[in-house]
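Undergrad: Curious how this folds, go ahead:
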Amino acid sequence: MTAEYQVHGSVAVITLNNPPVNGLGLATRTAAVDGIRKALADEHVKAIVLTGAGKAFSGGADIKEFNSPKALTEPTLHTLIKTVESSTKPVVAAIHTVCMGGGLELALGANYRVALPGAQIALPEVKLGLLPGAGGTQRLPRVLGMEMALNMIVSGTPVPSEKLKGTALFDEVYEAGADLITQAIAFASKVADGRPLPRVRDRMVDYPNHEAFLQFTRNTVKAVAGPFPAPIECVETVAASVTKKFEDGLKFERERFLHLMQTPESKALRHAFFAERQVSKIPDVPSDTPTRPIAKAAVIGAGTMGGGIAMNFANAGIPVTLLEMKQEALDKGIAIIRGNYENTLKKGKLTQEKFDQRMGLISGSLDYADIADADIVIEAVFEDMGVKEAVFRQLDATMKPGAILASNTSTLDVDKIASFTQRPQDVIGLHFFSPANVMKLLEIIRGKATGKDVLATAMALAKKLKKTGVVSGVCDGFIGNRMIEQYSRQAGFLLEEGATPEQVDKAIEKFGFAMGPFRMIDMAGNDVSWYIRKRRYLEQPHIAYSKTADILCEMGRMGQKVGKGWYDYKPGDRKAYPSAEVNEMIVKHSADIGVARRKITDEEIVERLVYALVNEGARILDEGIALRASDIDMVYLTGYGFPLHRGGPMFYADSVGLFNVRMAMDKYAHGRHGDAWEPAPLLVKLADEGRGFNS
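TA: Residues are numbered from 1 along each chain as shown. All right, here's what the predicted structure looks like:
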């Protein structure tokens with residue numbers, strides 16, 4: 001049963017039981033409605049307690065039923081709430097741990113609400129590009145007042161129940177450790193005979209001079225909502241709680257909810273929500289696969305990347321040793337880590353106690369023997385196979401049996417790296433993104449010999465480090481960098497044909513990217529990609545690249561770190577200033593290769609950059625390098641600044657329509673470097689079938 005029914009004296013207790021968070025799926029809604037009816041039909045029952053089993057009152061809608069007919073099958077959530085609200089016997093919602101979304105809307109339909117402290121109270125629908133659709137925008141202002149309700153609904157942020165004590169949301173908030181059901185039954189017995197039954201809908205929202213407050217709120221919300229329509233719609237529906245009758249407010253809320261359901265922004269957010277949950281599912285690695293304990297870690301290389309990786313372990317409470325070849329490099333690396341933590345301390349985002357604790361977990365060494373007992377070691381040295389080989393041969397000789405040997409390589413062959421050891425089953429790629437202590441993405445590279453327990457451990461570790469771990473197969477560049485290479489190639493060709501770095505960057509940033517390709521590469525360092533291109537010229541001489549990036553490096557313009565790259569930079573200022581020297585170089589290069597420069601539209605820039613990602617993503621999917629199209633989207637949303645409101649490159653292509661993507665690619669195939677637009681077979685197949693990558 002997904003809702004259990006028991007009678008204690010004269011009180012019926014209905015317990016929602018749909019693990020893990022008592023989602024209000026069809027079976028649960030039906031059982032709850034049946035429970036209310038049963039209680040109403042029993043003359044011995046004088047009052048009803050509604051609660052949740054396990055670790056939640058209710059987390060709201062059952063995500064397994066999202067976008068399915070079950071979500072709209074009777075009894076709907078509206079019907080369940082109406083059944084509770086129209087009960088002729090008092091209903092007491094007994095709230096603990098989690099009461100969110102539809103769960104809170106259900107509780108607001110009850111006559112009384114009692115709670116334990118520490119329960120997370122929220123209406124988080126805005127995070128899915130929606131607004132509360134079952135009366136939340138109309139009932140919450142009636143118990144919390146318009147201002148507090150608006151803050152909760154527009155932000156979607158949970159508030160602990162004890163902070164809402166004293167408001168009309170709760171009739172009682174008990175002491176920590178109290179037996180909630182015993183207390184709720186006693187409360188229900190006490191109010192059993194009280195009439196008339198209080199209903200939230202009968203309360204008035206009293207807010208003097210609400211017009212001025214609402215106008216101020218609209219202006220504030222518009223300024224921070226960016227491309228997302230839901231936050232401002234939340235303001236308008238909450239406004240209806242004070243300007244309309246209750247039933248009219250409910251009707252208006254429903255209209256706006258259904259409107260938001262159809263917006264591309266909400267569809268993108270819902271896609272990202274599910275993609276994040278799917279990403280940890282690996283078909284041949286069951287969720288109960290045993291994992292290896294990670295109690296001690298080591299990182300080889302104390303540079304920017306190595307230091308950032310070490311901070312991740314310290315932040316998660318795992319002791320970590322940084323290994324370097326020279327004392328000077330080690331001291332510099334640890335000093336940078338200390339500086340990073342000191343900045344966070346100054347901003348008040350870290351306590352002195354946490355600062356001391358984290359620095360205490362980081363140690364340094366110049367001797368491999370000092371890391372021999374680590375459970376995992378991550379190599380973060382120069383991106384060169386010869387250097388990696390020397391490190392992995394040493395690790396193989398040094399590390400204890402069962403230790404996980406990981407490489408932070410961004411492009412190199414993990415199977416080849418594994419072959420330098422006698423234990424390829426223990427080798428895996430863990431590709432962190434810079435700055436490693438900030439970026440959410442962790443590409444987890446599964447070699448052909450990588451043990452399933454090693455893969456399961458890496459996925460669990462990603463979660464512990466608060467990263468989004470995405471599994472990739474072995475190929476040059478894995479998922480993210482293999483795709484970004486095609487994006488960068490198109491950016492280079494656009495320069496040769498008539499664009500400038502700032503025009504390309506502005507166009508793609510207007511589309512929603514956090515940063516354009518030229519600002520991005522200036523931040524990463526132009527020498528990094530120059531080194532990779534030199535390897536490409538030897539290994540894949542048939543692939544064309546714009547020579548502008550090589551000329552830029554020959555000019556010594558390596559990026560932000562030297563104060564000049566595609567842009568000019570001023571000391572202590574990260575702002576990118578267009579460079580006359582670079583733009584002259586680009587124009588001269590076009591002339592040198594005999595290309596007549598032309599006016600390029602922003603639309604062409606966006607299509608060429610984004611569809612280059614999509615086409616390579618289709619190849620990656622077809623080759624089985626990525627498990628799912630949505631995994632590719634997660635890589636781009638969490639590691640490459642792809643706009644969240646567009647849902648990732650593969651989802652965006654689906655929303656444009658693969659037929660239209662193919663048409664645009666055909667057009668560019670007739671231009672310069674048209675061979676770069678040979679469509680991936682999977683893209684052709686799906687476009688012909690009228691399907692999408694995520695279908």
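Undergrad: contacting residues around I95?
TA: Applying CB atoms under 8 Å, 6 or more residues apart in numbering to I95 gives the contacts T51, F57, A107, R113, V114, A115, L116, A119, I121, S161, F170. For the C-beta atoms, the positions are set from N, CA and C on the backbone; glycine is no exception.
Undergrad: Include secondary structure and neighbour count when you put those into a markdown table, please.
TA: Formatted as a markdown table, the contacts of I95 follow (DSSP: H, G, I helix; E, B strand; the rest coil; neighbours: other CB atoms under 10 Å):
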| residue | secondary structure | neighbour count |
| --- | --- | --- |
| T51 | strand | 24 |
| F57 | coil | 30 |
| A107 | helix | 29 |
| R113 | strand | 28 |
| V114 | strand | 25 |
| A115 | strand | 29 |
| L116 | coil | 22 |
| A119 | coil | 23 |
| I121 | strand | 26 |
| S161 | helix | 24 |
| F170 | coil | 22 |
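Undergrad: Which single one of these is nearest to L150?
TA: Nearest to L150 among the contacts of I95: I121, at 14.9 Å, using CB to CB.
Undergrad: ok, now how distant is that closest one from R113?
TA: The spacing between I121 and R113, counted by CB to CB, to the nearest Å, is 10 Å.
Undergrad: Between the two, which contacts overlap?
TA: Jointly contacting I121 and R113 under the rule CB under 8 Å, 6+ apart are I95, L169.
Undergrad: how about the strands of the stretch 551-695 of the chain, start to end?
TA: With DSSP state E, counting those that start in this stretch, the ranges of strands along the stretch 551-695 of the chain come out as 567-570, 573-578.
Undergrad: now the helices for the stretch 401-550 of the chain?
TA: Taking DSSP state H, counting those that start in this stretch as the criterion, the stretch 401-550 of the chain contains helices spanning 414-418, 452-464, 480-497, 501-511, 517-524, 526-539, 548-554.
Undergrad: typo on my end, the stretch 1-150 of the chain
TA: For the stretch 1-150 of the chain, applying DSSP H, counting those that start in this stretch gives helices covering 26-41, 77-85, 102-109, 136-144, 146-155.
Undergrad: a markdown table for those helices, including distance to S546?
TA: As requested, those are exported to a markdown table (distance: least, CB to CB, whole Å):
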| stretch | distance to S546 |
| --- | --- |
| helix 26-41 | 56 |
| helix 77-85 | 55 |
| helix 102-109 | 53 |
| helix 136-144 | 52 |
| helix 146-155 | 44 |
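Undergrad: and of the ones you listed, who's closest to D602?
TA: Proximity to D602, assessed across the helices of the stretch 1-150 of the chain by CB to CB, is greatest for helix 146-155 (31.7 Å).
Undergrad: Can you measure across stretch 432-447, start residue to end residue?
TA: Stretch 432-447 stretches 17 Å from its first residue to its last (CA to CA, to the nearest Å).
Undergrad: Surely M555 and M585 touch.
TA: Yes. Using CB atoms under 8 Å, M555 is in contact with M585, at 7.1 Å.
Undergrad: more neighbours, the two?
TA: Ranked by neighbour count (other CB atoms under 10 Å), M555 and M585 place M585 first, with 18 against 14.
Undergrad: With adjacent residues omitted, what lies nearest to the more buried one?
TA: Leaving aside its chain neighbours, M585 sits nearest to I551 (6.0 Å; criterion: CB to CB, 6 or more residues apart in numbering).
Undergrad: before we move on, the earlier item: next, format the helices of the stretch 401-550 of the chain as TSV and append distance to I181.
TA: Shown next, in TSV, are the helices of the stretch 401-550 of the chain (distance: least, CB to CB, whole Å):
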stretch	distance to I181
helix 414-418	53
helix 452-464	32
helix 480-497	50
helix 501-511	53
helix 517-524	55
helix 526-539	60
helix 548-554	67
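Undergrad: which of the contacts of I95 lies closest to D375?
TA: Set against D375, the nearest of the contacts of I95 by CB to CB is A119 (36.4 Å).
Undergrad: Find me the pLDDT at the closest residue to the closest one other than its chain neighbours, would you?
TA: Distance criterion CB to CB, 6+ apart; nearest residue to A119, sequence neighbours excluded, is S161 at 3.9 Å. What the model reports as pLDDT for S161 is 98.
Undergrad: Now do the same contact list for S161.
TA: Contacts for S161 (CB under 8 Å, 6+ apart) come out as I95, C99, A115, L116, P117, G118, A119, Q120, I121, F170, V173.
Undergrad: Among those, which one lies nearest to H78?
TA: Proximity of the contacts of S161 to H78 (CB to CB) peaks at C99, which lies at 18.2 Å.
Undergrad: measure that closest one to Y640 for me?
TA: Taking CB to CB as the measure, C99 falls 36 Å from Y640.
Undergrad: Between these two, point out the one with more neighbours.
TA: Taking other CB under 10 Å, C99 and Y640 do not tie; C99 has more neighbours (29 against 22).
Undergrad: so how far is E85 from the residue nearest to that one when sequence neighbours are not counted?
TA: Excluding the flanking residues, the one nearest C99 by CB to CB, 6+ apart is F57, at 4.3 Å. With distances taken as CB to CB, F57 is found 17 Å from E85.
Undergrad: Domain-wise, how is this structure divided?
TA: 3-261, 297-472, 480-689 (automatic domain parsing).
Undergrad: circling back: so for I309, which of the helices of the stretch 401-550 of the chain sits nearest?
TA: Closest to I309 of the helices of the stretch 401-550 of the chain, according to CB to CB: helix 452-464, at 11.5 Å.
Undergrad: Mind exporting the C-alpha coordinates of that closest one to CSV?
TA: Extracted as CSV, the C-alpha positions of helix 452-464 are listed here (Å, rounded to 0.1, in the frame of the first residue of the first chain):
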residue,chain,number,x,y,z
LYS,A,452,33.2,-2.2,-12.3
ASP,A,453,34.0,-1.6,-8.6
VAL,A,454,36.5,1.1,-9.5
LEU,A,455,33.9,2.8,-11.7
ALA,A,456,31.2,2.5,-9.0
THR,A,457,33.7,4.0,-6.5
ALA,A,458,34.5,6.9,-8.8
MET,A,459,30.8,7.7,-9.2
ALA,A,460,30.3,7.6,-5.4
LEU,A,461,33.4,9.8,-5.0
ALA,A,462,32.0,12.3,-7.5
LYS,A,463,28.9,12.6,-5.3
LYS,A,464,31.0,13.0,-2.1
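Undergrad: mind listing what's buried in that helix?
TA: For helix 452-464, the neighbour count (16 or more other CB atoms under 10 Å) marks D453, V454, L455, A456, T457, A458, M459, A460, L461, A462 as buried.
Undergrad: Return the member of those nearest to G136.
TA: Nearest to G136 among the buried residues of helix 452-464, counting by CB to CB, is A462 at 33.4 Å.
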